[in-house]
Structure formats: C-alpha cells, structure tokens
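[1] sequence unknown, structure follows:
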C-alpha cells in the first residue's frame, strides 16, 4: 500500500492552491476505486474545521498535526543544513517515518533523495521573475535558496504549464529528468447541483445579465483595466460582479483604491464586489454569467479558466502567454493594458454581435483522464 500525503496549511496556502489539491485528491480517489490501485491518500492540515467546509470523501484520512506546521526557525534551519550534507532531514524525517509516508506531493517541503519518502515539489509559477517589484528581497533570497535545494534534494519538480517550465530553465540547471508538467483540469459540479439563477439574483441583487470576474484582489490581477473599461462604456447596462479575497499583503491599499475609483466615477451600479462566497456559489455565478473575465497580467495556470471551460462558457482573457497556452474553447483575448479592446468585447458579447462556434477540442472526461493518468505516471505507481 502506497501512502500518499498532501499538506494543507490554511494560514499560508492561497485558496486557489487548496482547490487544486482538493480537486486532485477527489479525482485520485475515484481513479483508485476504478483501478483498485493500492494507494492510501492522507491529508495533514492545521485546521480540520476549515477543511470540513470542503467536500472530502470518507476514504481520505485527515490528520490535524501541529508538529509539521509550527516548526520554529531553528528546526527549519537544521533540516535545511541536514539536506545539504545528508540529502535528508532530521526532524521532518521522524514525522514521515512515524506516519509511514511513502510520497509527499504538491508541497514546497523537501524530504531529500535519501529520505524514506519521495517529495514531489509543486511550483505553480515564477511570478517573482516577471514582477520583481511586487516581492521583497527576503522573499527572492529564500526562493533562490529553495531552488538550489530542489535541484539537489527533490525527487520531482511539478509544474502546471509549459510557460513555467521555460521560466525554470532560465533560472536553474535542474535535470530535465526531475521536471514534470501536469496541467490541472477541474471536475466541476454538475449543472443540476448548481444554484438557480433566481437564487443568485435575490441573494446578490444581480441584474438578468452580468459578466463574472472571480480573481483575488492582488495587484497583478489587474482589476483596474476593467474599471477603466467601464468608464469608457456609455451603455450603463453592462454589469460586472466580482468575488475573491480583497487582501493583498504586498499592496494593502489596492482594493480600497479600486473601490474609491468606482465611487469617484459613479460606477457602483455597474460593478459589484460580492466578497468571498461559497464554492458552489462561485460555480453557479460562473455558469449563469454571460462570460468569465480574467484580465490578469500573470497566471500560473488559471483554475477559473479551466472551470469555465468545463461549462463551455465564453471567457474573456488577457493576452498573456499562459492564457494562450490554456487555449480554452470559447475565448476572446485582449491586451491587458488596452481598455478599448476589452470594451468592444464586452459590448459585442452583451448584444450578441459575436457568436462563438463552441468548437470543443476535447470533452471534460477525456481531459480529466489525461490529467490523472499523467499524475499516476509521475507517481510511478
């Protein structure tokens, strides 16, 4: 029996990453049942309470253990030194042996080549290379140190896009044998499980037609281009609803400045922030929208784009490398600095002047199969 572990730390992991991991776990569990593979999935977390808000199959073992998440700086330094000289840790190794873990996956924690457990390091993206001003010197130094350790001590480096692989090759000479790309795909709730539009309209006070922007309020997510676009649209029927965390530790005033800009330009009736909403509401808002908007300057591999594509929704995307790589079925692209380009797309979709051919490249079942089969290959089970 292979014991495969995932670590979910709610204080340090962004919600998109948690969703990616839990989606993978759910798909893995179904694959395990179908193939009768001898694999046991274990989640270690710092909060069972927060994890309980997500649906997790009873087959999955869940452990709340502060040992792993509350290590002091001295313990972490000793383990990193141990990695350099022994290619395995001291304190982490005890934890892995105690819990009989064979593989730890989708983590930044390195076990070492000589460890009892293999470590599959997940690097979603290299945003700090493209937008260095958004990151502190301390952050970049730690990234540099970690890359050196990954190169020497990690079993596999898991990336979510070919774009990320190109970035990795620029900054590191990690052996190509260690590098794996697995582009995640989401299993979304079936349509009959989604909230009805009448429910959403009443709960969130929505108009009959709206665009949906589900990005977190981080500066690089580029909400400002959407507001600049609304300023240029004379037609006040255009309405955008937005969800996501409003906190950006790198720019704490970002959200407040955007809301002030809305108020200053009298756009409160055209743009509405709904806050953090339940997952099923996110999926329902997406499904009932005219289109999903992602104006970001940078993405690793956009989960919301994959989710919208699973529902065959129109997506309006910034023309950046990874969005072009994702290549969803019904996509319009615009320059993330060009509000006129976005304006024309919004108006054309709203008034149905542009009809998508809806040419589906691969169905959801095929994509999910490819995603999970590739992950099984990476696990080498």
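    Perfect, thanks for sending it. Small disclaimer: the values here were computed from a predicted structure and weren't measured. Residues are numbered from 1 along each chain as shown.
[2] Now for residue 328, how many residues are close by?
    When neighbours are counted by other CB atoms under 10 Å, residue 328 registers 19. The way it works is simple: take the backbone N, C-alpha and C, and place the C-beta from them, glycine included.
[3] buried ones in the least confident helix or strand in the chain by mean pLDDT?
    Of the helices and strands making up the chain, the lowest-confidence element is helix 66-69, at a mean of 78, by mean pLDDT, DSSP states H and E. Residues 68, 69 are the ones in helix 66-69 that count as buried (16 or more other CB atoms under 10 Å).
[4] Pull the residues that contact the next helix or strand along the chain from it.
    Sequence order places helix 73-86 as the next helix or strand after helix 66-69, per DSSP states H and E. The list of residues contacting helix 73-86 from outside it, by CB atoms under 8 Å, 6 or more residues apart in numbering, reads 71, 88-92, 110, 112, 114, 145, 149, 152-153.
[5] Between these, which has the least confident prediction?
    For the contacts of helix 73-86, the model is least confident at residue 71; its pLDDT is 81.
[6] give the contact list for that residue.
    Here residue 71 is in contact with 79, 91 (CB under 8 Å, 6+ apart).
[7] Tell me how far it lies from residue 48.
    With distances taken as CB to CB, to the nearest Å, residue 71 is found 19 Å from residue 48.
[8] Residue 341 now?
    Separation of residue 341 from residue 48 (CB to CB): 46 Å.
[9] likewise residue 225?
    For residue 225, the distance to residue 48 - CB to CB - is 40 Å.
[10] who's more crowded, those two?
    Ranked by neighbour count (other CB under 10 Å), residue 225 and residue 48 place residue 225 first, with 22 against 11.
[11] what's the closest non-adjacent residue to residue 310?
    Nearest residue to residue 310, sequence neighbours excluded (CB to CB, 6 or more residues apart in numbering): residue 188, at 4.5 Å.
[12] Count the neighbours of the one you found for me.
    19.
[13] residues contacting it?
    With CB under 8 Å, 6+ apart, residue 188 has these contacts: 283, 307, 310, 311, 364.
[14] which ones among the residues you listed are found in helices?
    Judged by DSSP state H, the subset of those located in helices is 283, 307, 310, 364.
[15] My guess is residue 306 contacts residue 187. True?
    No. Using CB atoms under 8 Å, residue 306 is not in contact with residue 187; the gap is 10.1 Å.
[16] Look at those two and report which has more neighbours.
    Relative neighbour count places residue 306 above the other of residue 306 and residue 187, with 22 against 18, counting by other CB under 10 Å.
[17] where's the closest residue in space to that one that isn't next to it in sequence relative to residue 38, distance?
    Once flanking residues are discounted, residue 306 sits nearest to residue 186: 4.9 Å by CB to CB, 6+ apart. According to CB to CB, residue 186 and residue 38 sit 27 Å apart.
[18] who has more neighbours, those two?
    Using other CB under 10 Å, the more surrounded residue of residue 186 and residue 38 is residue 186, with 23 against 9.
[19] can you confirm the more buried one is in a helix?
    No. Counting by DSSP: H, G, I helix; E, B strand; the rest coil, residue 186 is not part of a helix but coil.
[20] Surely it is in contact with residue 303?
    Yes. Using CB under 8 Å, residue 186 is in contact with residue 303, at 6.3 Å.
[21] quick one, strands of the protein?
    Secondary structure of the chain (DSSP state E): strands located at 2-8, 39-45, 61-64, 103-107, 118-123, 156-159, 179-181, 211-213, 240-242, 271-273, 292-294, 315-318, 331-334.
[22] can I get those in JSON lines with mean neighbour count, mean pLDDT and distance to residue 265?
    Below are the strands of the chain laid out as JSON lines (neighbours: other CB atoms under 10 Å; pLDDT from 0 to 100; distance: least, CB to CB, whole Å):
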{"stretch": "strand 2-8", "mean neighbour count": "21", "mean pLDDT": "94", "distance to residue 265": "40"}
{"stretch": "strand 39-45", "mean neighbour count": "20", "mean pLDDT": "93", "distance to residue 265": "43"}
{"stretch": "strand 61-64", "mean neighbour count": "13", "mean pLDDT": "91", "distance to residue 265": "47"}
{"stretch": "strand 103-107", "mean neighbour count": "23", "mean pLDDT": "94", "distance to residue 265": "42"}
{"stretch": "strand 118-123", "mean neighbour count": "22", "mean pLDDT": "95", "distance to residue 265": "39"}
{"stretch": "strand 156-159", "mean neighbour count": "22", "mean pLDDT": "96", "distance to residue 265": "40"}
{"stretch": "strand 179-181", "mean neighbour count": "17", "mean pLDDT": "95", "distance to residue 265": "42"}
{"stretch": "strand 211-213", "mean neighbour count": "24", "mean pLDDT": "98", "distance to residue 265": "17"}
{"stretch": "strand 240-242", "mean neighbour count": "21", "mean pLDDT": "97", "distance to residue 265": "14"}
{"stretch": "strand 271-273", "mean neighbour count": "19", "mean pLDDT": "97", "distance to residue 265": "10"}
{"stretch": "strand 292-294", "mean neighbour count": "27", "mean pLDDT": "98", "distance to residue 265": "18"}
{"stretch": "strand 315-318", "mean neighbour count": "25", "mean pLDDT": "97", "distance to residue 265": "21"}
{"stretch": "strand 331-334", "mean neighbour count": "20", "mean pLDDT": "96", "distance to residue 265": "20"}
